[in-house]
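Enquirer: fold the stuff below for me.
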Amino acid sequence: TRVGWPKDLVDIAQSNAETPEVLAETPEVLDEPSQAQEGSAEMQYSIEEGEAALLLSITLPEGLGPADIDLDVAPERVSVEAGEAASPLVVTLPRKVNPSEAPPAKYKRK
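Expert: Numbers count the residues shown, from 1 in each chain. Okay, the predicted model is just below:
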């Protein structure tokens, strides 16, 4: 059982797990950083394909930290919200992933 996930939810997720499609000849960088829009601060992102995983990097606006955001990882998308401090970000993933196998989010200061 994964920390933070009740066993019954893990069992449901595993019983409904589909084999993810693998993209043929996937480029190393799957998406360019998102473009900022007018209005509130914007989050930018990039996606890289690893050997057995996708690496999603999200740049938070100045003044925001990990405690200021809500991160939701689903099989086909990742959503990030920071209230009124930044516009919501929804990243559509290039292939399905198993959220229960995703490693914990890491935070790096630049």
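
Enquirer: just the strands in this structure please.
Expert: Taking DSSP state E, the strands of the chain run over residues 29-31, 44-49, 54-59, 70-73, 77-81, 89-92.

Enquirer: tabulate these (CSV), appending distance to residue 100, mean neighbour count and mean pLDDT.
Expert: (Each C-beta comes from the backbone N, C-alpha and C, glycine too.) Shown next, in CSV, are those (distance: least, CB to CB, whole Å; neighbours: other CB atoms under 10 Å; pLDDT from 0 to 100):
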stretch, distance to residue 100, mean neighbour count, mean pLDDT
strand 29-31, 22, 15, 48
strand 44-49, 20, 16, 90
strand 54-59, 15, 16, 89
strand 70-73, 9, 13, 92
strand 77-81, 14, 17, 93
strand 89-92, 19, 15, 94
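
Enquirer: show me the one of the ones you listed that comes nearest residue 98.
Expert: strand 70-73 (9.7 Å; CB to CB).

Enquirer: can you pull out the residues in contact with that closest one?
Expert: 78-82, 97, 99, 102, 105 (CB atoms under 8 Å, 6 or more residues apart in numbering).

Enquirer: neighbouring strands for it, and are they parallel or not?
Expert: Strand 70-73 has its sheet partners listed here by DSSP bridges as strand 77-81 (antiparallel).

Enquirer: can you show me the CA trace of the partner strand as CSV?
Expert: Provided in CSV are the C-alpha atoms of strand 77-81 (Å, rounded to 0.1, in the frame of the first residue of the first chain):
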residue,chain,number,x,y,z
ARG,A,77,-3.6,15.2,-17.2
VAL,A,78,-2.0,17.1,-14.3
SER,A,79,-3.9,20.1,-12.8
VAL,A,80,-2.2,22.9,-10.7
GLU,A,81,-4.2,25.6,-8.9
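
Enquirer: what's across from residue 45 in the sheet?
Expert: Here residue 45, judged by DSSP bridges, has bridge partners residue 58.

Enquirer: isn't it right up against residue 92?
Expert: No - using CB atoms under 8 Å as the test, residue 45 is too far from residue 92 to be in contact (11.0 Å).
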